[in-house]
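Q: okay, predicted coordinates and the sequence, questions at the end:
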Amino acid sequence: MIKQTILFCLAGSFFWANSLAAHFEQKLLVGSVQFPKTIESMEDICIYYGGKKINTEVDREGRRISFSLSEKKHRTIFYLLVVDCANMSMQTTDTNTVQYLKTVPNEPYKFYILELIDGIDKNEKSYWRIKQTRLSDSGHIPDDAIIVCYNPDFVEKIEGGSELEFPKIYIKEDILSIVGSDSLLHDQTVQALLSSIDYNSLHSSIKHQVKQNIALKTIIIAPEN
C-alpha cells in the first residue's frame, strides 16, 4: 500500500511538472518595421501589446526598428493593428474605467490576422498566413493586439517571417515622395510618438527575464517584477 502511494505521488508529481512546463514554456518572437534606405534620419515608433509598452531598438544604419514579444510556445494566431494613436480612443464605463481601446470612426487603419502554419513535415518550414481585414463596426481593438502607432497609409506590405520571427512590416519605398521630404517624414513620426503619450499610462513598460529551470528542462521567459 505504501509503495502504491509513493508511486501515485511520483506519477502525480511528474504530471504536474510536465503540465507546469507546458503552461510556462514560452518563445521569443521578433518583429520589425523596415524603412527604405533612401531616408536619412529615423525616429522610434511606439508599440503596445497586451497592456504593455514594448521595448524597441532603432537600427539607423539598417533603417529598421525591431521589437520582441514573449508568448506561449503553442500560440499561433496574432492580431496586428497599424494606426495613428491620434485616431484611437477609449471605451469607458460610467465610473470612467477603461473597458477597451477602439479606433475612431472613419479614420484609417490597417488590421491583420497573422497565423503561423506548421510545415507538413520536417523538410517544410513553418510560414505565416497573413490576412488583412476590418475591425468590428464598434472599432473594438482586441486586448491582445499588437498596436503599431504609425500612419497606416505609409505601410506597403507585410510579408515573410518564420517560426520565431513575425512577418516584417515594410514602409513604402516612395515614402519621401508621398510625404514631401525627409524632414517632413521626421516631423510626422515625432507627431505620431507624441499622440501615443495619452496611452502610455495605460501600458506599463515590459522587461523580460530569462530563467532556466533545469528540473523541468525548459526555458521560462517571464516579466520582471
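A: On my side now, so go ahead.
Q: quick one: low-confidence parts of this protein?
A: 1-24, 121-122, 198-225 (pLDDT under 70).
Q: what residue lies at the spatial centre of it?
A: I146 (3.8 Å; C-alpha atoms, centre = their mean).
Q: residues in a beta bridge with it, which ones?
A: I146 has these beta-bridge partners by DSSP bridges: Y49, L80.
Q: my read: it touches G31, true?
A: Yes - counting by C-beta atoms under 8 Å, G31 is a contact partner of I146 at 7.3 Å. For glycine as for every other residue, the C-beta is placed from the backbone atoms N, C-alpha and C.
Q: between these two, what contacts are shared?
A: Taking C-beta atoms under 8 Å, 6 or more residues apart in numbering as the contact rule, I146 and G31 both touch L69.
Q: run a quick neighbour tally on V98.
A: Burial of V98 is recorded as 11 neighbouring residues (other C-beta atoms under 10 Å).
Q: kindly apply the preceding question to I117 instead.
A: Neighbours of I117 (other C-beta under 10 Å): 12.
Q: my guess is it meets S126, correct?
A: Yes - using C-beta under 8 Å, I117 is in contact with S126, at 6.3 Å.
Q: gap between the two ends of stretch 65-79?
A: Start-to-end span of stretch 65-79 (C-alpha to C-alpha, to the nearest Å) is 19 Å.
Q: quick one: that stretch to chain centroid distance?
A: 6 Å (C-alpha atoms, centre = their mean, to the nearest Å).
Q: do stretch 100-116 as well
A: Distance, centroid of stretch 100-116 to centroid of chain: 13 Å (C-alpha atoms, centre = their mean).
Q: ok, and for that stretch, which residues are buried?
A: L101, K102, T103, Y109, K110, F111, Y112, L114, L116 (16 or more other C-beta atoms under 10 Å).
Q: any chance of those in a markdown table, plus distance to N55 and secondary structure?
A: Shown next, in a markdown table, are those (distance: C-beta to C-beta, whole Å; DSSP: H, G, I helix; E, B strand; the rest coil):
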| residue | distance to N55 | secondary structure |
| --- | --- | --- |
| L101 | 20 | strand |
| K102 | 25 | strand |
| T103 | 25 | strand |
| Y109 | 23 | coil |
| K110 | 23 | strand |
| F111 | 23 | strand |
| Y112 | 22 | strand |
| L114 | 20 | strand |
| L116 | 23 | strand |
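Q: so where do the helices sit in this protein?
A: With helices called from DSSP state H, the chain shows them at 2-24, 175-179, 182-195, 197-200.
Q: who touches the residue nearest to the centre of the chain in this structure?
A: Here I146 is in contact with G31, I47, Y48, Y49, L69, F78, Y79, L80, L81 (C-beta under 8 Å, 6+ apart).
Q: burial measure for the last one, as a count.
A: This means L81. Residues contacting L81 under the criterion other C-beta under 10 Å number 21.
Q: L194 versus that one, what's the distance?
A: 19 Å (C-beta to C-beta, to the nearest Å).
Q: right, I'll call it a day here.
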